[in-house]
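quick one, fold the following:
(chains A and B)
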Amino acid sequence: MLAEKNGLKSTWRSPGKTCLFFLLLLALTAVLSLGLCIFNAVQSYLDQCDDYYRTIAELEYVGAGYGDSTVYDSQLAESLSDGSPDLEAMARLPGVLSWEPSRSGLGVTEDFHRTDSGVYDPDAAVLILRNLFWDSKMGAYVGTVSQCLYSRTDMTNVMVFVQAGEGQTLDQSSRYVFVGRYVEGSNSYAYFLPEDFLLEQDGQEITLPAYSQVPAEGLPEDSPYQEAARILGWRNNGLRVQMVSDLETYRPFQQEELTLIHGRAFTREEQESGAKVCVISDRIAELLGVTVGDSLSLSVNCIQGGIFTFHGLDPAAVETYTVVGLYGWTKDYTDWIFVPDSPDYAADPCPTGYVVGQFLLENDKAEAFYETAAAPLPMGFRLTVYDQGYAVTAAPFQELLRIAAIFLMICCLVILAVLALFGYLFVYRQREAARTMVALGSGKLHVYRYFASGSGVLALLASVLGVLLSSRLEQKALQFLEDFAKRYQAADLRFSSGSLSVSRTLAFSPQTPSRIYLLAAGLMVLGVLAACAVFTAAALREKKPRRKRPVRAPRHAGRSSHLSGRLKYALLSLRRGGMRTAAVALLALIVAVFLGQLTATADLYRDQLAAITGNTTFQGYSSSLNGLQMDRLVVRAEPLQALYDTGIIEDMDVSCIRAHYRYLGMTEDPGGRSYSVSTMEAPRNDYLLETLTNQMARGPLLTATTSLTRSPAFYYTLAPEITWLEGYSEECLRGYDESLCVVPTTLMEREGFPLGSKIRLFTMVTVDGQDGSRTYFDNEDLTVVGCYVPVTLQETIYTPLGYVFPMGIRPEEESSIDPYDYIAWDGTDVIPLSEDNPEARTFLEDVWGTEHLASNAVAEYLEKLLKEDGDLCVISQELLAQWREDPDIFVRDGMRVAVANPSRDAVQYYYVIGVFEKTDPDMGDIYCSPMTADLVDPLHGEGLRLRLSSITYGSAIFTLKQGASLTRFRDSLEESGFTEPGVTGNVRNCAVIDDKDYNAAVSSLERQVRYLDALYKFLYALTGIIGLTVSFLLVNFRKGELAIMRGLGAQPVRIFLNFFLEQLLLALLGCGLGTGLWALLGRPFETLYFPLVGMYLACWALGAAVSILMLLRSKALAVLSDRE
Amino acid sequence: MAILEIKNVQFSYRSRYQTVHALKGVDYAFEQGRVYALVGKSGSGKSTLLSLMAGLDLPQEGEILFEGQPTSAMNLNQYRREKAAVIYQSFRLFPLLTVEENVTYPMELRGLGGKAAREKARMLIEKVNLPETVLNRFPSMLSGGEQQRVAIARAMSMDSRLLLADEPTGNLDTENGSRIIDLLTDLAHKDGYCVIIATHDTEILPRMDQVCRIQGGKLIPL
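Residues are numbered from 1 along each chain as shown, chains lettered A, B, ... in the order given. Next up, the predicted model:
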């Protein structure tokens, strides 16, 4: 105990040193334990995030029917069978946990007959008709359904119009079985469109004729029509069975589009054992009359070539599945059944629908995976990462973890330094005492106990208090972390393509285990004891006498200087200082270059940031509600115009489906030679109308666009292959000439017409009006000015958008808005019609001398036109000519005109349903329904609003003006009411800004700048401190010279100037050389450079001055007697 | 007449734990043309007394009179510059100045520079029996004895009549030490300097005009 007692006494008797180290150890323990707490809290949170978030990447093919989950795209199948993309290679990329191809089958359940319109082919039917007779007016047979072999709704005894094949007649006394589609007519009749049916019999594919006579004894059970009816029944009553390995990570569930409302998902064990369990929608559960825990008899058919294929369906064995969970159905997932994936199900490499599959990714490697995997994807494939908000949530904490690790490392280094100092001062400096103890016979252990007792007690007390202090500060520190993370996450991601995924939030609620504090305190005490041990050993080690270094004389004899005056000594010392002089100058030179590099780097990052911010061009696009860029959206023109009016948009391109077309032929070749191509007439009756409508609706599209390369077909194509006729370019799509078109090369090659020829199309337009949709037919002659290689099977023809794109992008003089902004309502040009006016009906009937509407609509329109509150009008050809509008198009597209009253404070809108030629100059220009005074709107930009309110586009893509503020644009989108993916706005149009890469680059740069700012401030300060300290020490090391001067009675001013000027001159010389070198290297001098060099010089001078003054202030005797 | 008179000089060193009374009332008068030796044990106060006489500090009690003027009333820098020259055991020469520059330095402090100073330096170097060739050498190129001679020359350059030497032979061999003592006694006896030497070297005592022992903080002439 003697050693311990003496050790404690020794510590107690050096109170200054003891207090200093007590406080140091206390502070370091507190800092260390806080650092450990922070590290632990952040690491735990990141671990929790890893468990909480699931990141997937969905691979899709954006084919012609993208969005339809029932389509089997043969182009996709071909691409996948060619190994493009290489899915196996993608699955081996770093960060991929698993690859799950989209696998599905058709689930057939007995006794389940679906009558909803959501079935795969709702109009398909196999019917036996009797009492067939020819209706000459309709040009079709009429019969009664005697037996309904299959149809979604029971059609027995329904009267049906049906047509026989070209040139064929039906025996009116016989019964016929028909396969095809029916359309419900406007009355009690149905229109049946017979179609051949593909069937597989005995392994052979056969084509079943669209109709056949029924034998007198009735249709046999083994008739192929019976088989066709069965297949249709299976297919339409079938449910999509999706094989999934983990329901939680399956995108619709991962993105919370689907949620379990009862029961549970299937477990991993069930999945691995191939258990027959399933999760179904609550709607299907209700229709099937089952609930969680019930059994479901299901035959799962994995059909090659798409689960809804027309042939080859042979239901597999029925198996019993247990319903383990119900999900809330949505429109897109009404009748899906999810079952655990299993090798038992046959695999088709091509999925039904456009989702190829999904990768399950490691959360923190998703970005790297995307960068590697997305670039080499072939045309038409799209990879989308859904991370549930992991990146946004985890990024600041990953940053914090890095900072905490660096902080802990620095903390450890500081602790090591303090422990070394502690050991030196508390142990090594007492080496004489230690050696005396040994000399007196004490063992080394005794000596160690002597030192360790005092130090250990000191460290223990300091550590305990330090830990207590840190536990008090912990909550504040963690709160600071949370605030930091919130600030970090506060990046504006509204409408950003970087935040398409559903965003989940995991609260940051760290718990610090007490072992962290014990660890910190323990480390500190052990560190102190270890330092004692090391320095005790060092103190007791026999020291070999150091060889005295011989004094090195200067190589050559000096020459006495003839310099004189007060600066003589400074100049001589400067000149003869050798390494001492060179070192100071060299240090200043290095500092100057170092500061140059720091300022240049900081400015480089700032410049890069400014360049990215100022020069990046942003594109935005309309998207589906989940943020996907696709076609066939319903984008209203009005909010687009509002967006354009903000002035932030530089360019906007839109496209919309104008019509379905049928190619009729080439009317003129490029040489001007004409060919006779007959026009096609609009259907004469409802039966023909429905038949043709149905057929053409499945045909190719005529799309109006302002840009081909920015139209939806090329969204996922890096370099569209387009060839233009000489003198034409994409700009022609922005012109008014609507007779131009760009066609797919496949159509050109098949039909054999070259660029520059004129082709005739028969087009069908369906316009949705207030009274339902109306269909118009037309023959259009178009000049082929370009062709493109189609990405999908769709043979879309593109035409200029022309009149439906005012948007203000064009010069005002070209705008087609202004002329019919308002038409004066003065009673002369605009004449209200009424039933009281006997001439009105005759007049209107005359207007339709030229047919613009389907014939059956005319009478209906007439009636409406003559009634009050109607909103229809007929308009003179002369007025339209004045407006430079094509009468056919004007009427066909159901344009409206605004009619203003004489004071122009009220306006009424009319659909133009007819165009007439003025037979008398006194005739009015517009004849409309009777006006009602209360149907008024305030007149404020109504012309444009009116025009835009009736226009919708299928897609829109826009470019922001360069350097435009992204935040301002986000605000504009918000103000215009656009819907953000996942956040519903006032307008059901979703917009996305393609700023993902920009955000990543900017946030990375901003982070760099932020860190560099902090780090560089520290480095600047460090440079100053180094200058101050080194100059202080350099002067202090020369106290011998200063002492001689004082001993010889030199005046203090002289002494001060001698040393101060020497130091200042040397630093100036070094900085000057450094600046010169920097200039020689051709590096830029940033604004901060010279102030920082000045600061360094000032610090250097200050350090020297302080050192000299301190030596001058102390007594000469003390300076002289001090050991150098 | 005494050039330097010490009256009841007291001086103590204070630390946190103890106060050491180095001088407890020293009285003595030193005359020109004589060589004095101050002897005593280590820590007896020899160097302290020498430093007080050199004007490096002031006594805490009593006074030191130079030619009748108390040093406390003088500018100590000026006193060191003009009245008292000190020779140290470790020579204390400027390492970056040549011998000539070291010798001329005190002259320049007093405003005497240029050729006159250099001529005087040459003369003093000759006087301390060093060849002229050493003038352009740096101190580190000289032997210890030569450096001490340069230090004596520098002391002589101050035109002071009081020469204080603190263990001037401490770093020298016997032969060089003897030569330095010869030089100092010559300066006293021939040039009229008052030379006070603090030393442990008993061999030089017979050559001193007066030996004084410092014991118990008092100066006792022997």
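
all strands of chain B, in order?
Along chain B, the segments classed as strands by DSSP state E run B:2-14, B:19-31, B:35-39, B:61-66, B:69-70, B:84-87, B:162-166, B:194-198, B:210-215, B:218-221.

what packs against the last one?
I take that to be strand B:218-221. Packing partners of strand B:218-221 (3 or more Cβ pairs under 8 Å, 6 or more residues apart in numbering or on different chains; DSSP states H and E): strand B:19-31, strand B:210-215. (Glycine included, C-beta is placed from N, CA and C.)

just the CA atoms of that strand, as CSV, please.
The C-alpha trace of strand B:218-221 is given here as CSV (Å, rounded to 0.1, in the frame of the first residue of the first chain):
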residue,chain,number,x,y,z
LYS,B,218,28.0,37.6,2.8
LEU,B,219,31.2,38.6,1.1
ILE,B,220,34.3,37.9,3.1
PRO,B,221,37.6,39.3,1.9
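
what's the closest of the strands of chain B to A:Ala275?
Closest of these to A:Ala275 is strand B:2-14, at 93.4 Å (criterion: Cβ to Cβ).

now the closest one: average pLDDT?
Mean pLDDT, computed over strand B:2-14, is 89.

so is that strand next to chain A?
No: judged by Cβ under 8 Å from any Cβ of the partner chain, strand B:2-14 and chain A are separated, with a smallest distance of 10.1 Å.

name the residues of that strand that come out as buried.
B:Ile3, B:Leu4, B:Glu5, B:Ile6, B:Lys7, B:Val9, B:Phe11 (16 or more other Cβ atoms under 10 Å in any protein chain shown).

follow-up on the earlier one: nearest to A:Val142 among the strands of chain B would be which one?
strand B:2-14 (132.4 Å).

what lies in contact with that closest one?
B:19-32, B:45, B:48-49, B:52-53, B:57, B:59-68, B:161-162, B:194, B:196, B:217, B:219 (Cβ atoms under 8 Å, 6 or more residues apart in numbering or on different chains).

what angle separates that strand from strand B:162-166?
Strand B:2-14 and strand B:162-166 are oriented at 40 degrees to each other (axes from the mean of the first three to the mean of the last three Cα atoms, to 10 degrees).

measure A:Leu468 to A:Phe480 for me?
Using Cβ to Cβ, to the nearest Å, A:Leu468 is found at 20 Å from A:Phe480.

and these two? Which one has more around it.
When A:Leu468 and A:Phe480 are compared for neighbours, A:Leu468 comes out ahead with 16 against 12, by other Cβ atoms under 10 Å in any protein chain shown.

any idea of the mean pLDDT for the helix or strand containing the more buried one?
Using DSSP states H and E, A:Leu468 sits in helix A:444-489. The average pLDDT within helix A:444-489 is 88.

for the nearest residue to A:Ala538 once chain neighbours are set aside, give its distance to A:Leu540.
Excluding the flanking residues, the one nearest A:Ala538 by Cβ to Cβ, 6 or more residues apart in numbering or on different chains is A:Tyr428, at 6.0 Å. A:Tyr428 is 10 Å from A:Leu540, where distance means Cβ to Cβ.

care to break chain A down by domain?
Split into domains by automatic domain parsing, chain A comes to A:2-51+A:392-540, A:54-102+A:351-387, A:103-112+A:238-345, A:124-229, A:568-606+A:1003-1121, A:659-801, A:823-938.

longest helix in chain B, please.
helix B:174-189 (DSSP state H).

name the residues of that helix that are buried.
B:Asn176, B:Gly177, B:Ser178, B:Arg179, B:Ile180, B:Ile181, B:Leu183, B:Leu184, B:Thr185, B:Leu187, B:Ala188.

got the angle for it vs strand B:19-31?
Going by the same axes, to 10 degrees, helix B:174-189 makes 60 degrees with strand B:19-31.

which residues touch helix B:174-189?
Counting by Cβ under 8 Å, 6+ apart, residues outside helix B:174-189 touching it are B:33-35, B:128-129, B:143-145, B:148-149, B:152, B:156, B:163, B:165, B:168-169, B:172, B:193-195, B:197, B:201, B:203-204, B:207, B:209.

show the buried residues in the residues you listed.
Counted by 16+ other Cβ under 10 Å, these give B:33-35, B:128, B:144-145, B:148-149, B:152, B:156, B:163, B:165, B:168-169, B:172, B:193-195, B:197, B:201, B:204 as buried.

check which helices and strands the helix holding A:Leu468 is in contact with.
helix A:2-12, helix A:15-52, helix A:390-426, helix A:431-439, helix A:514-540.

re earlier: pLDDT value on the residue nearest to A:Ala538, please?
87.

residue nearest the centroid of chain B?
B:Leu164 (1.8 Å; Cα atoms, centre = their mean).

domain assignment for chain B?
B:2-83+B:160-221, B:97-150.

end to end on the first one, go ahead and measure it.
This stretch, domain B:2-83+B:160-221, spans 15 Å end to end (Cα to Cα, to the nearest Å).

how close does the residue in chain A that chain B sits nearest to get to B:Asn77?
Ranked by Cβ to the nearest Cβ, the top residue of chain A for proximity to chain B is A:Gly1049, at 2.9 Å. Relative to B:Asn77, A:Gly1049 is positioned 5 Å away (Cβ to Cβ).

now chain B, which segments are flagged as low pLDDT?
Counting by pLDDT under 70, chain B shows low-confidence ranges at B:1, B:15-17.

how about the residues of it by chain A?
So far as Cβ under 8 Å from any Cβ goes, chain B lies against chain A at B:47, B:51, B:54-57, B:76-82, B:86, B:88, B:92-98, B:100-101, B:105-106, B:108-109, B:113-114, B:118, B:135-138, B:140-141, B:154, B:158.

from those, which would you call buried?
Looks like the residues of chain B next to chain A have B:47, B:51, B:54-57, B:76-77, B:79-82, B:86, B:88, B:92-98, B:100-101, B:105-106, B:108-109, B:113, B:118, B:135-138, B:141, B:154, B:158 buried, using 16+ other Cβ under 10 Å.

rewinding a little: report the angle between the helix holding A:Leu468 and helix A:431-439.
Using the same axes, to 10 degrees, helix A:444-489 lies at 140 degrees relative to helix A:431-439.

which strand of chain A spans the most residues?
Under DSSP E, chain A gives strand A:649-668 as its longest strand.
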